[in-house]
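Novice: for reference, the sequence and a predicted model appear below.
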Amino acid sequence: MQKNVQCLYLKNNLLLLAEVVEVSADIGEPDCKLIKPYLVNHSSLEITPWLDFSPQDVILLRSDDILTMVEPSEKLKDKYLTLT
C-alpha cells in the first residue's frame, strides 16, 4: 500500500512532512491523522522529527489548522521514506 506523504503548511507558519490519513470527525474535532510527522526547515529542506519530546508518532490535527497541503518533491519524499 502506497503512503500518502504530503507537505502541510500550517497557519502558524510551520511546514510539516507526514503521511496523512483523513479520519471521520465531528465539526471542530481533529480530522487529519499525521503519521510520523517531520518538521521541514524552509531554507535547507532538512527534516527533523516534529514534537520530538514525545514518543507518540501519530498526531491528530484539525484540517482548519492547515493552510495548504501539497505533494512533496521526490527528494523530500525520499528523505522522509528513508527515515520512516
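Specialist: Received it, and whenever you're ready, just let me know what you need. Numbering: from 1, shown residues only.
Novice: the helix or strand Y9 falls within: how far from the chain's middle?
Specialist: Per DSSP states H and E, Y9 falls inside strand 5-10. Remark: strand 5-10 is offset 5 Å from the chain centroid, using CA atoms, centre = their mean, to the nearest Å.
Novice: just want the most central residue of the protein.
Specialist: Centrality entry for the chain: nearest residue to the mean C-alpha point is A18, 3.2 Å, by CA atoms, centre = their mean.
Novice: now do the SS call for that one.
Specialist: The local conformation at A18, judged by DSSP: H, G, I helix; E, B strand; the rest coil, is strand.
Novice: that one and N12, how far apart?
Specialist: As judged by CB to CB, to the nearest Å, A18 and N12 stand 15 Å apart. For the C-beta atoms, the positions are set from N, CA and C on the backbone; glycine is no exception.
Novice: isn't N41 up against L76?
Specialist: No. Contact status for N41 versus L76: not in contact, 11.0 Å apart, counting by CB atoms under 8 Å.
Novice: what sits in contact with each of the two?
Specialist: With contacts defined as CB atoms under 8 Å, 6 or more residues apart in numbering, the residues adjacent to both N41 and L76 are I47.
Novice: which of those two has more neighbours?
Specialist: Higher neighbour count among N41 and L76: L76, with 18 against 10, using other CB atoms under 10 Å.
Novice: remind me which helix or strand that one belongs to.
Specialist: Using DSSP H and E, L76 falls in helix 74-83.
Novice: which residues of this protein score low on pLDDT?
Specialist: In the predicted model of the chain, residues 1 satisfy pLDDT under 70.
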